[in-house]
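In: dropping the sequence and predicted coords here.
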Amino acid sequence: MTKRIVVAALALMLGLVAAAPAAAGRATVDRITNIETVLAVAMPDDFPVASLMRAECAWVHRVELPNGSARETMVCELSDEPVMIPEFQGSPPARAFRNSGGPCVWFSDYWFAKEGSDVLASSFRYVVTPSGHVTAHSWYPAEPLDCS
């Protein structure tokens, strides 16, 4: 029992050290609220048929490091609002749906909402739960990607 407490305490201390506030490293932090997005809720062979849904995001949190690279985190809920093309309309997944990818796939909802600009991520990952909760993370290099 004592060994478990010591191990737990060490893990907690290590986590606190590793999770030092971004501001301590002179990172800039911004959060915008109440934005909408569209994302995949399934990845069938005939994607995007029956695969996309709108989501309402309570917030998008952006941390930009001094070197110019950044990470964005979004917390959203799937919406009943239909997507633009009816045959692409999906439905909440029966099991948690995980999606991730590399460069030139994910657009920053932060920059689109803030300035109407298209900024592409170097990578992303998100999870959609059967209840419709979405948590997304995306990463951006210091120099914007050229995906043309």
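Out: Noted; the coordinates are in hand. Residues are numbered from 1 along each chain as shown.

In: can you tell me what sits against stretch 63-72?
Out: Residues outside stretch 63-72 that contact it (Cβ atoms under 8 Å, 6 or more residues apart in numbering): 22, 25-30, 60-62, 108-110, 121, 136-143. C-betas here are computed from N, CA, C, even on glycine.

In: please repeat the previous calculation with a cut-off of 6 Å.
Out: Residues from elsewhere that reach stretch 63-72 (Cβ atoms under 6 Å, 6 or more residues apart in numbering): 22, 26-29, 60, 62, 110, 138-142.

In: please work out the average pLDDT along it.
Out: Averaged over stretch 63-72, pLDDT sits at 97.

In: low-confidence regions, the protein specifically.
Out: Judged by pLDDT under 70, the chain has its weakly predicted residues at 1-24.

In: ok so, going back, so which of the contacts of stretch 63-72 sit within helices?
Out: residue 110 (DSSP state H).

In: of the contacts of stretch 63-72, buried ones?
Out: 27, 60, 62, 110, 138, 140 (16 or more other Cβ atoms under 10 Å).

In: ok, the fourth one - contacts?
Out: Taking Cβ under 6 Å, 6+ apart, we find residue 110 in contact with 60, 62, 72.

In: and which of those is nearest residue 89?
Out: Nearest to residue 89 among these is residue 60, at 23.7 Å by Cβ to Cβ.

In: show me what the closest one is bridged to.
Out: In this entry, residue 60 is beta-bridged to residue 32, residue 74, by DSSP bridges.

In: hang on, residue 48 packs against residue 88?
Out: Yes. Because the distance of 4.8 Å satisfies Cβ atoms under 6 Å, residue 48 is recorded as touching residue 88.

In: just the element for the residue lying closest to residue 26 once chain neighbours are set aside, please.
Out: Leaving aside its chain neighbours, residue 26 sits nearest to residue 66 (5.1 Å; criterion: Cβ to Cβ, 6 or more residues apart in numbering). Assessed by DSSP states H and E, residue 66 sits outside every helix and strand.

In: in stretch 55-73, which residues are buried?
Out: 55, 56, 57, 60, 61, 62, 63, 64, 70, 71, 72, 73.
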